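Peer 1: I'd like to go over a predicted model; first the sequence, then the structure.
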Amino acid sequence: MRAIMLTGIEKMEIREVPEPVVAGATDVKIKMKVVGVCGSDIHYFLNGRIGSQIVDFPFTLGHEGAGEVVETGTGVTGLLPGDRIAIEPAMPCMECDQCNAGRPHTCHKLRFLGCPGQAEGCLSEYIVMPESSCFRIPENMSYDEAVISEPLAIGVYTVRQAMPVQGLKAGVLGFGPIGMSVMLAAISGGAEKVYVTDRIGRRTAMALENGAVWAGNPDRDNVTGEILDIEPGGLDVIFECCGSQEAMDQAVDLLKPGGKILIVGIPEFDHWAFSADKLRRKEISLVNIRRQNHALQQTLDMLSSGRINVQPMVTHRFPLERTDDAFKLVACYRDGVMKAMIDVL
């Protein structure tokens with residue numbers, strides 16, 4: 001079968017690799033249909049690493065995927081060949097203390113699609129996943145929506161960690177696919193107002209088109225001054241979604257006393273810096289977000305019911321053969337890209 005492999009920094013190739021087989025009782029073989037390009041994929045593409053997770057080339061990326069079941073193991077009870085599914089890329093052990101504490105997303109033995117040292121990704125024609133990572137989707141849901149359920153679930157989980165958001169005034173700093181997912185989840189959860197920042201004009205426009213009350217560009221606008229002119233008391237919660245020290249500094253200044261920062265973005269550096277005086281005097285809480293936890297089915301239900309519309313997020317699509325072009329587009333933020341999709345089969 002064909003797979004797209006990262007063979008070096010900013011180098012991708014189509015290669016013929018062995019087709020995976022159903023070996024375990026709960027294995028599900030999936031014919032991949034659509035894969036989304038994620039910001040974490042771009043970190044590996046540009047840098048070959050995210051923190052301690054270092055790529056051993058060649059390696060197949062991709063963890064946002066949807067497809068069709070083609071074969072199941074003897075112990076699979078909830079899926080049949082032909083079922084259309086969204087894929088949860090995390091494969092926890094379900095035995096360690098974290099899993100037993102209801103935290104499978106921080107499992108000590110976690111395997112995650114497209115994560116170096118854990119599991120090859122889904123940018124290939126077929127993959128095999130455990131049944132627990134396969135979620136059947138209804139007929140009214142597109143494969144694109146099923147793909148986006150993965151990043152959207154991060155948004156849903158993030159907002160859950162900020163609960164209650166009903167009536168709150170929130171800031172989303174960084175409006176890529178994760179930032180958009182957080183904003184949509186916050187609005188769905190009842191946030192009164194959402195303020196957004198991003199360096200790409202098309203993205204700030206998209207934020208306003210999809211529910212933000214204000215959107216600004218930190219390269220052009222005094223975002224802290226302008227938001228505080230509108231909200232002199234400050235914001236209740238900030239979702240940092242771009243992994244930027246500048247955004248973090250803005251978050252501290254934008255929050256009212258007792259406010260909360262949820263750190264969702266993945267920085268390319270090793271250490272955040274904070275004003276100890278401001279954090280202490282404002283009694284600001286910091287919460288780190290690690291992917292999602294028990295939010296995917298809820299997210300699929302929200303999509304199926306029409307409670308959240310993610311169709312505007314898909315801005316570009318490519319055939320499997322042009323995956324390299326898709327990654328370069330996203331890496332350079334060209335052409336107003338928000339979410340690029342790869343059509344596999």
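Peer 2: Alright, I've got the coordinates.
Peer 1: quick one: low-confidence parts of the stretch 51-200 of the chain?
Peer 2: Residues of the stretch 51-200 of the chain meeting the criterion pLDDT under 70: none.
Peer 1: let's go with 90 and repeat that
Peer 2: For the stretch 51-200 of the chain, applying pLDDT under 90 flags the ranges 163-165.
Peer 1: Which residue ranges of it form strands?
Peer 2: 53-54, 64-72, 84-87, 90-91, 111-112, 126-130, 134-136, 169-173, 193-197 (DSSP state E, counting those that start in this stretch).
Peer 1: could you say what helices and strands the fifth one packs with?
Peer 2: Right, the one you point to is strand 111-112. Helices and strands touching strand 111-112, as assessed by 3 or more Cβ pairs under 8 Å, 6 or more residues apart in numbering; DSSP states H and E, comprise strand 90-91. (C-beta placed from N, C-alpha, C; glycine too.)
Peer 1: who's in contact with the strand it packs on?
Peer 2: For strand 90-91, the external contacting residues (Cβ atoms under 8 Å, 6 or more residues apart in numbering) are 104-105, 107, 110-113, 119, 129-130, 132-133, 291.
Peer 1: Including distance to K11 and neighbour count, could those go into JSON lines?
Peer 2: Compiled in JSON lines, the contacts of strand 90-91 are given as follows (distance: Cβ to Cβ, whole Å; neighbours: other Cβ atoms under 10 Å):
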{"residue": "P104", "distance to K11": "34", "neighbour count": "20"}
{"residue": "H105", "distance to K11": "31", "neighbour count": "20"}
{"residue": "C107", "distance to K11": "31", "neighbour count": "20"}
{"residue": "L110", "distance to K11": "28", "neighbour count": "20"}
{"residue": "R111", "distance to K11": "25", "neighbour count": "16"}
{"residue": "F112", "distance to K11": "23", "neighbour count": "21"}
{"residue": "L113", "distance to K11": "21", "neighbour count": "26"}
{"residue": "A119", "distance to K11": "21", "neighbour count": "19"}
{"residue": "M129", "distance to K11": "27", "neighbour count": "24"}
{"residue": "P130", "distance to K11": "31", "neighbour count": "18"}
{"residue": "S132", "distance to K11": "34", "neighbour count": "15"}
{"residue": "S133", "distance to K11": "29", "neighbour count": "21"}
{"residue": "R291", "distance to K11": "27", "neighbour count": "21"}
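Peer 1: Would you convert those residues into CSV that also reports distance to I30?
Peer 2: CSV is the format used below for the contacts of strand 90-91 (distance: Cβ to Cβ, whole Å):
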residue, distance to I30
P104, 20
H105, 21
C107, 22
L110, 20
R111, 16
F112, 16
L113, 11
A119, 13
M129, 6
P130, 11
S132, 13
S133, 10
R291, 20
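Peer 1: Out of the strands of the stretch 51-200 of the chain, which gets nearest to Q298?
Peer 2: Smallest distance to Q298 across the strands of the stretch 51-200 of the chain (Cβ to Cβ): 10.9 Å, for strand 134-136.
Peer 1: how distant is the closest one from the center of its chain?
Peer 2: 18 Å (Cα atoms, centre = their mean, to the nearest Å).
Peer 1: Partner strands of it, with direction?
Peer 2: strand 84-87 (antiparallel) (DSSP bridges).
Peer 1: Using CSV, list the CA coordinates for the strand it pairs with.
Peer 2: The C-alpha trace of strand 84-87 is given here as CSV (Å, rounded to 0.1, in the frame of the first residue of the first chain):
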residue,chain,number,x,y,z
ARG,A,84,-17.9,4.9,8.6
ILE,A,85,-15.8,6.0,11.5
ALA,A,86,-14.0,8.8,13.2
ILE,A,87,-10.6,7.8,14.7
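Peer 1: residue ranges of the helices in the stretch 1-150 of the chain, please?
Peer 2: 39-47, 97-100, 143-161 (DSSP state H, counting those that start in this stretch).
Peer 1: The stretch 151-300 of the chain too?
Peer 2: 177-188, 201-209, 223-230, 245-254, 276-282, 296-305.
Peer 1: So which of those helices has the densest surroundings on average?
Peer 2: helix 177-188 (a mean of 26; mean count of other Cβ atoms under 10 Å).
Peer 1: Check the offset of it from the chain's centre.
Peer 2: On Cα atoms, centre = their mean, the centre of helix 177-188 falls 11 Å from the chain's centre.
Peer 1: measure the residue nearest the centre of the chain to R2 for me?
Peer 2: For the chain, the residue sitting closest to the mean C-alpha position, by Cα atoms, centre = their mean, is P151 at 3.1 Å. To R2, P151 is 25 Å away according to Cβ to Cβ, to the nearest Å.
Peer 1: What of T299?
Peer 2: Note on T299: its distance to R2, by Cβ to Cβ, is 30 Å.
Peer 1: cool, L303 as well?
Peer 2: From L303 to R2 the distance is 29 Å (Cβ to Cβ).
Peer 1: buried residues in stretch 52-67?
Peer 2: V55, P58, F59, T60, L61, G62, H63, E64, G65, A66, G67 (16 or more other Cβ atoms under 10 Å).
Peer 1: Was I right to think the fifth one contacts Y44?
Peer 2: Looking back up the chat, that one is L61. Yes: under the criterion of Cβ atoms under 8 Å, L61 makes contact with Y44 at 5.9 Å.
Peer 1: Just read off the phi/psi values of N309.
Peer 2: Main-chain dihedrals, N309, degrees, to the nearest 10: phi -110, psi 120.
Peer 1: Thanks a lot, see you next time.
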